[in-house]
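[1] Sequence and predicted structure below; questions after.
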Amino acid sequence: MISHHLSLPPQWFAQAFPFHIVFNRNREIMQVGEVLQRISPKPLLGSQLEQHFRISRPSIPVDFDIIQKRSRSIFLLESLEGKMQLKGQMMYVDDHDAIFFLCSLWVTNVSDLTPIGVKLKDFAIHDPIADFLFLLQVRDTALTDAQNLTTNLTQKQSQLQNVLALKEEIAQTARAQAQQLEQTLRELQATQVQLVQSEKMSSLGQLVAGVAHEINNPINFIHGNIIHATEYTQEILHLLELYQQHYPTPVTEIQAEIEAIDLDFVKDDLVKLLKSMRVGTDRIREIVKSLRSFSRLDEAEVKGVDIHEGIDSTLMILHNRLKAKPDHPGIQVVKEFGTLPLVECYPGQLNQVFMNLISNAIDALDEQDELIRPKITRAKPSQIRIQTRVVNSDWIAIHIADNGPGISKEVQSRLFDPFFTTKPVGKGTGLGLSISHQIVVERHGGTIRCDSSPGEGTEFIIEIPVQQRRQRAA
Amino acid sequence: MYGLVNKALKDMVCTRFGEESWQMVQQQAEIDIETFVNVESYPDDLTHRLVRAASQVLNLSSSEIMQAFGEYWVQYTASEGFAEIIDMCGDNLPEFLENLDNLHARVGVVFPKLQPPSFECTDVKEETLNLHYYSHRQGLTPMVFGLIQGLGKRFNTKVNVTQTKSREEGNDHDEFSVRYRQN
């Protein structure tokens, strides 16, 4: 045990405890620290402790004996004359039968010192209350600093969010504009190609019409002359027979010539030859008629036309692709034409639609034939069925169906997109159905749709109004 | 040094020379810290770089910068919430200077990384005293001149300061003779 036999001289004790109080058993204040005495509103020496203070901690009355027993307690004494508080410990000294309250001023804010009239220098150097106050001050400034930083950060965050929102808005606008540009570009490309295609078709139509016109006249007079030539030939042959009847024994030179030219064969073959020529000119005239009907160049305006005539002329032009050949089984065309009224339309353009749809059907059927033949013989031959019908008094419908391989849903969703094609490179432009869609929907106010599933064939259904509205100009 | 010092330097440059000058100082010092935190500890080198950069940008010597900074420091710390602490440390210049070491000792207790300087007053008379300045940091002596000037303004006291000892001359500390007269 350490022996404490030294003590402070009274003046140093007073300096070490500038706020201390010493009171006796009668609670009479016998000694007071210098600073406490200075800041107290009333003189403390000689007065009762309870006249100036109450004990706020511990919860005990101002009683000497009770206080004496609480030497291990923290005491908080509250001034009755102001807001001043003293914190410390009560120490009983039996030599003096008195209690020493060794304490210091207790404040939690530096600003509390000024009203009391205390400066930092009034605290004992060893007193940690000064450091505590300094720490509190630092804490307050740090909190203010943190609040300023938080405000600053919040503002910056807000600015950042605004900038990000603006950036997103700009990005969205840019994306929308890019999409719009892309769409416009696609439309422009499609329009350009369609124009080129349209111009090509127009030029082709002019060429076809021109050729048909040029062929039409000579073939007509050949055809007409063949009729007369046949009559004249029959008359000459009849005359020849009369000669042979009346002069059965011709002179030697004639007999020799008869034998040389094989007159019997010539007579027989000449008739056949003229018949054959007649069939040929009939066929040429039919083709010319179809070509003229198909091109319909003279019909730029909307006019009432026989839809069947357009379909027939298209089939005629495609005849070579439909008929059977040694390496090709041929495609059967089934026509189920209803009784249609004359339909107001641009016939040349509608014929182009028929050409596109029937050509596609032939392509599909050819592809299918190549795939399955000659491995197996198809029970059902390739077939294109063309049906026309009246939907109601204002609308007619044309169905063009094939029993080919059919089209998947995915492909169907893009069928009418410009440049979309399933054909090999170089075989398809991807514009046929796009242009057909434009002709039917935009030029004629009609509809065109595809009904197909893989393995079940494909059917295109075109519906157009019988009469065109005047504003849908060419 | 704690951020409060760098913040005060920034505030001084911005107040007296404008924000653009501070931007140039930061650029020159190659320091990209927008906000200094009061109680955050920063390397001493950062402060020295800022002072050197300010010297170049503002065309002032480092000594002039530090002296101005010392004077500014008094009003800046007061404005940053330490006015009451300063007030509690004395009613007049000599009293404050005598408490200056305790003030820094308490600062050191609260900011253990700060390693604040130490001061001692000797030969305190009615109008003169000798102020002894001990610091392990170099280059801050001119700041003490400014500091005393700033305190003189705060306590409305005319001050004349002369350096009587210098570490540059081999002494272990700097010493200033301070003459003062209350206005």
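    Cool, got the structure.

[2] Share the number of residues neighbouring residue 71, please.
    You didn't say which chain, so I picked chain A. A count of neighbours around residue A:71, defined by other Cβ atoms under 10 Å in any protein chain shown, yields 12. C-beta here means a position set from N, CA and C on the backbone, and glycine is covered the same way.

[3] other chain: chain B
    What residue B:71 shows, counting by other Cβ under 10 Å, is a neighbour count of 21.

[4] Give me every residue in chain B lying close to chain A.
    Listed as neighbours of chain A in chain B under the rule Cβ under 8 Å from any Cβ of the partner chain: B:35, B:37-39, B:80-82, B:84-85, B:87-91, B:95, B:99, B:102, B:106-107, B:109-111.

[5] Which helix or strand contains the most centrally placed residue in chain B?
    Residue closest to the average C-alpha location in chain B (Cα atoms, centre = their mean): residue B:70, at 3.5 Å. Here residue B:70 sits within helix B:62-77, counting by DSSP states H and E.

[6] Then residue B:178?
    The secondary structure element spanning residue B:178 is strand B:174-182 (assigned by DSSP H and E).

[7] which helices and strands does that strand pack with?
    Of the remaining helices and strands, those touching strand B:174-182 by 3 or more Cβ pairs under 8 Å, 6 or more residues apart in numbering or on different chains; DSSP states H and E are helix B:93-110, strand B:128-134, helix B:141-154, strand B:157-165.

[8] one more time with 7 Å
    Packing partners of strand B:174-182 (3 or more Cβ pairs under 7 Å, 6 or more residues apart in numbering or on different chains; DSSP states H and E): strand B:128-134, helix B:141-154, strand B:157-165.

[9] could those go into CSV alongside distance to residue B:54?
    Compiled in CSV, those are given as follows (distance: least, Cβ to Cβ, whole Å):
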stretch, distance to residue B:54
strand B:128-134, 22
helix B:141-154, 13
strand B:157-165, 22
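
[10] Please work out which of these is packed deepest.
    A comparison of the helices and strands packed on strand B:174-182 by mean neighbour count, using mean count of other Cβ atoms under 10 Å in any protein chain shown, puts helix B:141-154 on top with a mean of 21.

[11] Point out where the stretch 251-400 of chain A drops to low pLDDT.
    In the predicted model of the stretch 251-400 of chain A, residues A:295-300, A:372-379 satisfy pLDDT under 70.

[12] For chain B, see how far away residue A:401 is.
    Separation of residue A:401 from chain B (Cβ to the nearest Cβ, to the nearest Å): 75 Å.

[13] Backbone torsions only: list them for that residue.
    When read as degrees, to the nearest 10, the backbone of residue A:401 gives phi -120, psi 150.

[14] before we move on, what about the one 4 residues further on?
    Main-chain torsions, residue A:405, degrees, to the nearest 10: phi -70, psi -10.

[15] check contacts around it.
    Taking Cβ atoms under 7 Å, 6 or more residues apart in numbering or on different chains, we find residue A:405 in contact with A:364, A:368, A:454-455.

[16] try 6 Å
    Counting by Cβ atoms under 6 Å, 6 or more residues apart in numbering or on different chains, residue A:405 makes contact with residue A:368.

[17] ok, now residue A:134?
    When contacts are counted by Cβ under 6 Å, 6+ apart, residue A:134 touches B:106, B:110.

[18] Could you rerun that using 7 Å?
    The neighbourhood of residue A:134, defined by Cβ under 7 Å, 6+ apart, consists of B:85, B:106, B:110.

[19] Kindly confirm my reading that residue A:59 is in a strand.
    No: per DSSP: H, G, I helix; E, B strand; the rest coil, residue A:59 lies outside any strand segment and is coil.

[20] so what are the domain limits for the chain?
    Unless you meant another one, I'm taking chain A. When chain A is parsed into structural domains using automatic domain parsing, the resulting residue ranges are A:10-127, A:195-298, A:301-474.

[21] oops, I was thinking of chain B
    Structurally, chain B divides into domains by automatic domain parsing as follows: B:3-60, B:90-182.

[22] three-state assignment of residue B:90?
    Classification of residue B:90 into helix, strand or coil gives coil, according to three-state DSSP.
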